[in-house]
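**Student:** I would like to see how this sequence folds:
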Amino acid sequence: MGFNGIAGAVNEPGEIPWELVLLYFLVALAIAFLLGKRSGGLKAFNTLDLIYIGIGSAFAVAWEFYIAGFLDRFIPSNPFVSVGFWGRIIIVFIVAALVRKVGVGMLTLFIFDVLGDIFHYGFGGEPMYFIYETFTYGLFVDLMIAATGGRIFGLPNFAPSVTTKPPTQNIQKTTMQSVEEEEDTPTRSTSITKLTFIVGAIEGAIIGILWAFPDPVFYDGFFRPFIEAKIVNWGYIYYHIYAYMPGDAIAGIIGAIIAIIVARAVGS
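**Tutor:** Next up, the predicted model:
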């Protein structure tokens, strides 16, 4: 007896114990939010943030299920090349670089999964796929944002900073007034250096490598047997981890560099 196509199997051969999966989710979430609160990466989303997240999620769905689906016709099917998944990495990285707040990764992947269900998969197996996408791929991005204090990929703060006027007397010289007017002019810290790209490439590679694990480990090792009552093949899982890591790392580096360029251009 199941619910919405979920068998609820927890004793399939080779299946990761559900207690370990639950423990990971709880600990990783706690680390992300506590570290984000301590380092300054945990902030409320504004309207512009939600617009970036919504547009990014929609474009990721369009890329992975339609554009990449067409491009895959010209590429032999193999586990080493995934045009759709690599595109998703780059798009999510751009959104993360524009928002740079803990929760952007999870919310982006949650909306991505909802839109994917509406336009491609259907809602069978939910809410397990929501949990899977949100608390693996999305959470890995948020952990990096929390660890860097909201400065993922080494990005500086592009937000305008205004210097407050000191108290002044009613009668002042014209030169003094002009100096104060200059102090009120918003300034932007838009310095992007070679070091920014190096740090971004390293962080992008780390997240890319981490993104190689959810599909073989979390999905094939737990969610698939839990939902479909399938036997787990750990040889298959190890093979796909090794197959995914190089390409995902390279996609992560490319995605981080593109994200830095976009964030600088937008001034976010």
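
**Student:** so where's the stretch 151-268 of the chain uncertain?
**Tutor:** Residue ranges of the stretch 151-268 of the chain with pLDDT under 70: 157-190, 268.

**Student:** what segments of it are helices?
**Tutor:** 174-183, 194-210, 224-228, 234-266 (DSSP state H, counting those that start in this stretch).

**Student:** those: which one's closest to Ile131?
**Tutor:** helix 224-228 (10.5 Å; C-beta to C-beta). Using the backbone N, CA and C atoms, a C-beta is placed for each residue, glycine as well.

**Student:** for that closest one, the distance to its chain's centre please.
**Tutor:** With C-alpha atoms, centre = their mean, to the nearest Å as the basis, helix 224-228 stands 25 Å off its chain's centre.

**Student:** over to stretch 113-130?
**Tutor:** Distance, centroid of stretch 113-130 to centroid of chain: 19 Å (C-alpha atoms, centre = their mean).

**Student:** show me what counts as buried in that stretch.
**Tutor:** For stretch 113-130, the neighbour count (16 or more other C-beta atoms under 10 Å) marks 113-117, 125-126, 128-130 as buried.

**Student:** just the ones of these in helices?
**Tutor:** If you go by DSSP state H, the buried residues of stretch 113-130 have 113-116, 128-130 in helices.

**Student:** which of those sit farthest apart?
**Tutor:** Once C-beta to C-beta is applied, these give Leu115 and Met128 as the farthest pair, at 17.2 Å.

**Student:** ok, back up a step: closest to Val141 out of the ones in helices among the buried residues of stretch 113-130?
**Tutor:** For those, the nearest to Val141 is Asp113 (14.5 Å; C-beta to C-beta).

**Student:** would you quantify the distance from the nearest residue to the closest one once chain neighbours are set aside to Phe223?
**Tutor:** Of all residues not flanking Asp113 in the chain, Glu133 sits nearest, at 4.4 Å (C-beta to C-beta, 6 or more residues apart in numbering). Counting by C-beta to C-beta, to the nearest Å, the gap from Glu133 to Phe223 is 10 Å.

**Student:** what does stretch 54-63 rub up against?
**Tutor:** For stretch 54-63, the surrounding residues in contact (C-beta atoms under 8 Å, 6 or more residues apart in numbering) are 84, 87-88, 91-92, 94-95, 108-109, 111-112, 115-116, 119-120.

**Student:** ok, these vs His240, which is closest?
**Tutor:** Gly84 (15.7 Å).

**Student:** tell me the secondary structure at that closest one.
**Tutor:** helix (DSSP: H, G, I helix; E, B strand; the rest coil).

**Student:** look up phi and psi at the residue nearest to Ala7 when sequence neighbours are not counted.
**Tutor:** Spatial nearest neighbour of Ala7, excluding adjacent residues (C-beta to C-beta, 6+ apart): Ala229 at 4.2 Å. The phi/psi pair for Ala229 (degrees, to the nearest 10) reads phi 60, psi 50.

**Student:** for Phe130, see how far away Ala229 is.
**Tutor:** Taking C-beta to C-beta, one finds Ala229 at 20 Å from Phe130.

**Student:** can you check Ala60 too?
**Tutor:** 15 Å.

**Student:** swap in Phe59?
**Tutor:** 20 Å.

**Student:** same thing with Leu107?
**Tutor:** In terms of C-beta to C-beta, Leu107 sits 11 Å off from Phe130.

**Student:** touching, Ile111 and Ile51? I think so.
**Tutor:** No. Using C-beta atoms under 8 Å, Ile111 is not in contact with Ile51; the gap is 11.9 Å.
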